[in-house]
Structure formats: C-alpha cells, structure tokens
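Trainee: need a structure here:
(2 chains)
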Amino acid sequence: MARRIQLMILGLVALLVAAIPLMVTNPYYLNVLNIVGLNSLIVVGLNLLIGYAGQISLGHAAFYGLGAYTSGILTVTYGWSPWLALGASLLFSGIVAYIVGRPTLKLKGHYLVMATLGFNVVLNIVMVRWEEMTGGPSGLAGIPPLRIFSFSFDTDLKNYYLIWFFALAAVGASINLVDSRVGRALKAIHGSELAANTLGVNTSLYKAVVFVISAVTASLAGSLYAHYLGFISPRTFDIFFSIELVTMVIVGGMGNLWGNIFGAAFLTPLPQVLHFLEEYKDIVYGAILALMLMFVPEGIGGVISKAYTRRKMRNLLSEET
Amino acid sequence: MADQLLQFVLSGLTTGSIYALVALGFCIIHNATGIVNFTQVDFITLGGMVMYTLFRQVGVQQWIAFPLAVAAVGVVGAMVQRLAIRPARSKEVIHLIFITIGISIVLRGGIKQIWGKASMALPPLSGEEPLRFLGATVLPQSIWIFLISLAVVVALHLFFTRTTTGKAMRATASNPRAASLMGIDSNKMVMVSFLLSGAIGAVAGILIVPITTLAYDVGIMIGLKGFAGAILGGYGSFFGAIVGGLCLGVLESLGAGIVSSDYKDAIAFVILIMVLFFKPSGILGKGESTRV
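Mentor: Below is the predicted model:
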C-alpha cells in the first residue's frame, strides 16, 4: 500500500486509540489494552526483521526482559532517574543485539533462530539465578514510574496514552523506514539476497541493523512495562513469550504491519478469553494456532488486504463496462 | 581430582547419549523437510509417559513395555505429519515450524490432561547398585543408556544404507524432485521420518526418566539441549549429531562440576552461542554453510 494511505490509516487508528478510554473505564480492560500496546510495539519491530530481512528471532522476550531489568536495576538499585535508565537500557540492548546478531546474520539459513533461542534461555536463567542483582525468581519490585517534570505516569490510563504513543510512533517510523533508502535495501534483500548483494547492498550489515532496531524496540517496550507495573519477574521473559511474539506476527500476516497489530490484539487476550475452558485452554490455544497456520498462512492481515484488492479490482472492472 | 574428572566425564557421556538421540531425531526431520520440528520435545515426554502407563498402571513387563511405548510414540509422530504438516496450505519453512510449535502446545496440553501435573518416577531398567569403574561410579542405567543408544545408531545406519525405504528417504532428502520423478512418494518418506524421530525421541525419554523425573514438561529442556547438540555437531549431519550431543553432555557436566551447578542449564546454550559465533558450521562442519 502507498505510504499516504498507510499514514491515513495511522491517523484513523490514532483517533480510535485516543477515544477508547472514553468507553472503556474498567481498569482490568485498560490493563489488557496496555499489554496489547506493549506487544504491538515489540511486534512492529519484529515485523521489520521477519517481513523484510526474512529472519526469525526466538529471543525477543529476552530483549524485552533486558530492557525491563536494566531499567529496573538502574532505578531501584542505583537510584538513576527513569528516563536516563531507559536511555541506557536501549543502548545496552542495542549493543547486545549487535553482538548476538552480527556473526550469525552473515550466514545463510536460520541460524539467528538458534542463537536468539539460546540467548533467551541463558538470559532467563541469569534472571533467576543472579539473585543479588535481579531479585531471583521472586522478581524485582518498587520500580518508580516514568515522569515528565511533576507529571507522573502512575495510573493505567496515563500509561495507556504513554504506551500507545510509543506503539503508534513506532508504526509511523516503520512506515517511513520502508520507503527510505534502508527500506528499499531491505526489500531488495527480501526479494533476492544475491541480487541485492551484487548491486552493492551490504546485505549482512543491513540485516544486523534491522535486528538491532527490532531488539531496541522490544527493549523500549520492556522499560515501559517495568515502569508501568513497578514489578518484574523472570517468567514474563521466557522463550514461550518469544514464541508468542513471533506467532502474533505470523497469525497477523508476515510483512503486514496492520495485520501484526491485529495479531497482537487477537492473541494477547486469547489465553484470558479461553480461561472458561479451564484445563482445555492450552489444547485449544495450540489448535487455533496450528489450524490458522495450516489453512490461513497469509494471516489475518493477508486475508483482509486480499479482499480489499479483490473489491478494488471488481470496482475497476465494473467501471470499464 | 582425576577421579572426579572421570566421574564428570562419565555422567556427561550418559546425558550426552540422550542429547545425541534427540539430536538425531531433529536431524532426520530436518533432512527430510528442512524444518525444525518442535514436537520432538514432546515425543521425549510422551515416551516416558506411555512407558509409565504400560509398566505401572497396566502392569506390562518392562522389556515388553519399552518397545510398545516406542512404537506408540512413533505412531503419534506419523500422525503429526499426516494430520498437521501434510494438509498445510503453505510449504514455507517458517509456517511449518510454527505449526509444529502449535501442535507441541496441543500435545503438552493433552499430556497434562491425561497424566496430570504431578511428577512421577520410573525405575531403572535393572538394579540401582552403582558399579565401580577406575575409581568412579557408574549407574547400571547409564550402561543401558550407552548400549541402547549405540544400538539405535547402528540400526539407523543399517536402515539408511541397507533398506529400500532408507535409501528412498536419503534420495528424497538430497533432491525431492528427482526422487519423486523416480517414483518415490515423498509424502510417505516425510511421514516415515516423523515416525522414526517420534520413536527415537521416545527411546530417549524412556531411558532418561529413571535418572531425572517424569513430568508433562520434562522434554522441553532435554529437547532444546538435543537441538543445541545438533547445531554443535553441524546441523543435518548424523555423525555430527552424535558427536555434538556427546560433547555437549560432557562439557555441560564438566562445567556444572567445575564452574557452578547453579548455571548448569545455561552452559549448553552458552556453548551453542559460542559455536555459532566462532564456527557456525559446527565442530565437524566443513564450512558447508555458504556465506552470502
């Protein structure tokens, strides 16, 4: 879709997002919407990696956790100001992502999957075992909220606007990135890596850059999460969450930005929605996932944009006759 | 100190044999389809669970229950392929990988439903009296693990080199199109590879459970470490899977014994990351993974 249409949709979605709290006042639902916002933020970054660099990461929960823990430890243990800690955690996650991603992204094939999966398992174990630093399995509490001068983001509603501001800003940045020099290079890589390479695109460097961007986005979401809830524990950041994040991208439609956000909005509350099934919850969740991938591999976003194109074609044809 | 080192190496070789079996399971399906099959993890658990039911609840004799459980999980493996992988509309690797993740969640949910969340135990195949070996002790179960793993490897080797089905599977792995032009039903070959890796996963599960415990999620860590072993040896190579699994077991055991047992589970994955960093084609790889 053209950038202008994308930006128009972004404007409409922003209005919708701004209006939702007028209708939804239940703090529990607001909390769910906030988590959807955080997941959307991560998924927008992950979509760049999967949709344009054609690489999968099973370690984005680790970068989410790296952001959360760096922010949490710097503010709680070392008394840094939250924004400074957030900046430091972004920088730190970026450097770690470069170190993890650069060597494996020089290779053909899905080596990044294994490196990120391993990284996630290791980081999760460190979170549990390094008790004096991370608080161990019981977690880290007392993380202060973010504040601008005397305005403190200390309620669900205030965090709602903060989180969705970042999520939609990431969408906007992503729309613009796709139409930039970097974006064109990425599209070329996605089309044919060899051809892109021949035309002078340093493919492995670009892929590493996209990986770093997506990891930093996840880290930002992690910092926001930590300052929003004030409490973090290792279980939030395990490999199962990494899997869930990639699932959101695939169920939403790979490379389809709005589809991905739809995927996040659909899958985030799904375990809660399926709660009434009690012990059958996992089975149904897994079955929905498998069946969707088996029969709707283009994802929800793919189905919608296909229907849209079909209608446009039909309109064009009927105009001609 | 030397005694202790020997002890670490021996116990490392025991778990390493299990990792090697799991790595072989990953390899067989990777060679047939190009995907990473995450249900491998649940085949391990399922092997232990079916063995538990047959042996403890039905009262079948141990040496009869063993092959029955292996066969049952093999059938589950074949069904995963037949019911989930074959009907999939997209043949893209990433879609297929995530289908196996979905099925893995379903299988784990089913296992939790049938056998519950509590931990269970299986007795070793024979005796609990440890044997002495050059100043170190070895459990009889470890000996069984070595012997049965070796038997599985030999049987697999014979299957892939001597039988028509085995040769047809290798043909499909090296060139699916050419193989199907020769009249080989590639769908069936992929199904056989799922059957085999289900059976091998079950063997690994049945063998390791008497040393660890049996619970609905016991296969996850063992499975992921087996996967790390497969990468360590050079993904896709059978010989590499065996060497990689054994090396990983020994390094993990030495690391846990000498450095810190707190980080035992992390060691395997740190090794994995280091290998990807310095020699991504694996310790036995000949640099086949083309740089682009």
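Trainee: how close does B:Gly109 get to chain A?
Mentor: Distance, B:Gly109 to chain A, using Cβ to the nearest Cβ, to the nearest Å: 3 Å. From N, CA and C alone the C-beta is placed, and that goes for glycine too.
Trainee: which one is that residue nearest to, not counting chain neighbours?
Mentor: With sequence-adjacent residues excluded and distances taken as Cβ to Cβ, 6 or more residues apart in numbering or on different chains, B:Gly109 is closest to A:Asp282, at 3.2 Å.
Trainee: so that neighbour, which of the three states?
Mentor: Secondary structure for A:Asp282, judged by DSSP: H, G, I helix; E, B strand; the rest coil, is helix.
Trainee: Near it, how many other residues are there?
Mentor: Neighbour count for A:Asp282, taken as other Cβ atoms under 10 Å in any protein chain shown: 20.
Trainee: Mind checking the pLDDT average for the host helix or strand of A:Gly302?
Mentor: Assigning secondary structure by DSSP states H and E places A:Gly302 in helix A:299-320. Mean pLDDT, helix A:299-320: 80.
Trainee: hmm, it touching chain B?
Mentor: No: on the criterion Cβ under 8 Å from any Cβ of the partner chain, helix A:299-320 is out of touch with chain B, staying 9.9 Å away.
Trainee: how about the helices in the stretch 101-250 of chain B?
Mentor: Using DSSP state H, counting those that start in this stretch, the helices of the stretch 101-250 of chain B run over B:140-162, B:164-174, B:176-181, B:186-208, B:218-233, B:238-258.
Trainee: Minimum distance to chain A: which of those has it?
Mentor: Closest approach to chain A among those (Cβ to the nearest Cβ): helix B:218-233, 5.4 Å.
Trainee: Any buried residues in the closest one, and which?
Mentor: By neighbour count, with 16 or more other Cβ atoms under 10 Å in any protein chain shown as the criterion, the buried positions of helix B:218-233 are B:218-220, B:222-233.
Trainee: Return it as CSV; C-alpha atoms alone will do.
Mentor: C-alpha atoms of helix B:218-233 as CSV (Å, rounded to 0.1, in the frame of the first residue of the first chain):
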residue,chain,number,x,y,z
VAL,B,218,10.3,-32.8,31.2
GLY,B,219,11.1,-33.0,27.4
ILE,B,220,11.5,-29.2,26.9
MET,B,221,15.0,-28.7,28.4
ILE,B,222,16.3,-32.1,27.2
GLY,B,223,14.8,-31.4,23.7
LEU,B,224,16.3,-27.9,23.4
LYS,B,225,19.7,-29.2,24.6
GLY,B,226,19.5,-32.0,22.0
PHE,B,227,18.8,-29.3,19.4
ALA,B,228,21.9,-27.4,20.7
GLY,B,229,23.8,-30.7,20.3
ALA,B,230,22.6,-31.0,16.7
ILE,B,231,23.9,-27.5,15.9
LEU,B,232,27.1,-28.1,17.8
GLY,B,233,27.9,-31.0,15.6
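Trainee: now that helix, how far from the chain's geometric center?
Mentor: Offset of helix B:218-233 from its chain centre (Cα atoms, centre = their mean, to the nearest Å): 7 Å.
Trainee: So, low pLDDT: which residues of chain A?
Mentor: In the predicted model, chain A carries pLDDT under 70 at residues A:1, A:108-110, A:320-321.
Trainee: Kindly apply the preceding question to the stretch 151-292 of chain B instead.
Mentor: In the stretch 151-292 of chain B (pLDDT under 70), the answer is B:284-292.
Trainee: For the residue lying closest to A:Ala215 once chain neighbours are set aside, give me its contacts.
Mentor: Closest residue to A:Ala215 apart from its sequence neighbours, by Cβ to Cβ, 6+ apart: A:Ala97 at 3.4 Å. Neighbour list for A:Ala97: A:Phe63, A:Phe211, A:Val212, A:Ala215, A:Val216 [criterion: Cβ atoms under 8 Å, 6 or more residues apart in numbering or on different chains].
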